[in-house]
Each structure stands twice: as structure tokens, then as C-alpha cells.
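[1] my questions are about this predicted structure, shown below with the sequence.
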Amino acid sequence: MIRKAILLLPFAYLLGSVPCGVILTRIFCDVDLRAAGSKNIGAYNVFRVAGKRLGLMTLGGDLFKGAIPVLVGIFWLGISDWKGEVLVCLVALSAFAGHLFPVFLGFKGGKGVATAAGCFLVISPFAFLACVLVYVLVLCCWGYSSAGSLSAAAILPGAIWLATHSLPITGCAFIMALLIFVRHADNIKRLLEGTEHSSLRP
């Protein structure tokens, strides 16, 4: 099992490092996403810079970057005991770290929301759905994608605990949620100052 995990960890990291948004915007509209809009490589900035189609494609790609390694990990390593859970969590964290610190972009990556969502879509569809509902509710009520992402991240560990009662998986969710908050530091500052860009206005 350990040998399999050793193979999966670099695979998960390298897949997580693939900058879907950067690749798609460069191919289809010749834009360097790192120098446009908010300069973030995530789906929301692609949506702002290049439109809905590429934004949705980026969202799908970033989700799959988290989902595929975790799915392989569950089938290959199993999560029938705490050791398997720990190894699958390490795979998930590797994919997540790849998006945050991608080797292909000089370790300067995105905020990790969609990749984390992909990981937990596989681990717990219930928790994933709960986070999506919170995101949509906050977005519709206040109009800020960043606030929706932060709210979803905030409830993630609790939702995972309710769904799995697993300490390793809940710990993994807590680490990802914490890092999502860290990567949203500028957004939090703008939200508090009332200068954050509204997702419901052009």
C-alpha cells in the first residue's frame, strides 16, 4: 500500500499543477491569465476575462484535477481503515498543493477552491453538495464569489465530519479550508473594506 501511495503522490501533485485556465485562455483567446483581471489562474478569473464557456471548462478541469487522483487512490489504496484514509488524504492534499504551488508556473498558483471541491466530491458527495449550496446561497444573497467560496470552505470540515466521522478526512478538510482562507487574504481585506468586485455585476 505504501509503495502505491508513493507512486500516487507525485502523480496527484503533477496533475494538480496543470494550469487549466492558463492553458485554455492562451489557446483560445491568446491571453496570459496571470496578467489579466485579478491575475488568478482559477475559473472565476477565466470567466471574467474570457467568458462563460472557458470559465466552465476551467472549472471542470480544476475539479477533475482533484477528483481523479482521489478516485484512483480510493480504488487502489482503499479507505476501509484509518491507514487507507490517511493515504487517500495525502493524495488529495498533493493534488491540492499542486494547484496552489504548481511546478509548471514557478509554484505560483491559484486559491484551490475547485480542486478541493473535486477531492471531496469523490470522498463525500453529501459534503460537496452542502458546500455548493452554501456557495450558491451566499453568492445570490451578497453577490460575491469570494464570500461564497470562503463560506463553503468554513463549513467543509463540519460537513465532512457529519458525513464520515473520520478524523483523518476531517483533518484533511480543515487543512484545505485553512489554506483556502490564507489564499483569499486579499479578498477578505476587500470584503471588509467594501471594495471587493461583485460577481453579479460586470
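    Sure thing, it's come through. Numbering: from 1, shown residues only.

[2] tell me, how many residues neighbour Ile27?
    Neighbourhood size, Ile27 [other C-beta atoms under 10 Å]: 10. C-beta: built from backbone N, CA, C; applies to glycine.

[3] how far away is it from Ala50?
    10 Å (C-beta to C-beta, to the nearest Å).

[4] what does the least confident helix or strand in the chain by mean pLDDT rub up against?
    Every helix and strand of the chain was ranked by mean pLDDT, DSSP states H and E. The lowest is helix 43-50, at a mean of 87. Residues outside helix 43-50 that contact it (C-beta atoms under 8 Å, 6 or more residues apart in numbering) are 21, 24-25, 28-29, 31, 33, 36-39, 54-59, 62, 114, 145, 199.

[5] are any of these buried, and if so which?
    Buried by 16 or more other C-beta atoms under 10 Å: 21, 24-25, 31, 33, 36-38, 54-55, 57-59, 62, 114, 145, 199, out of these.

[6] just the ones in helices from the contacts of helix 43-50, please.
    Per DSSP state H, helices hold the following members of those: 21, 24-25, 28-29, 54-59, 62, 114, 145.

[7] next, give me the two most distant ones among these.
    Across those, the longest distance by C-beta to C-beta is 21.9 Å; it joins Phe28 and Ser145.

[8] list the residues that contact the residue lying closest to Ser166 once chain neighbours are set aside.
    Nearest residue to Ser166 in three dimensions, chain neighbours excluded: Glu85, at 5.5 Å (C-beta to C-beta, 6 or more residues apart in numbering). Counting by C-beta under 8 Å, 6+ apart, Glu85 touches Ile79, Ser166, Pro168, Ile169.

[9] in terms of helices and strands, where is Pro168?
    helix 167-183 (DSSP states H and E).
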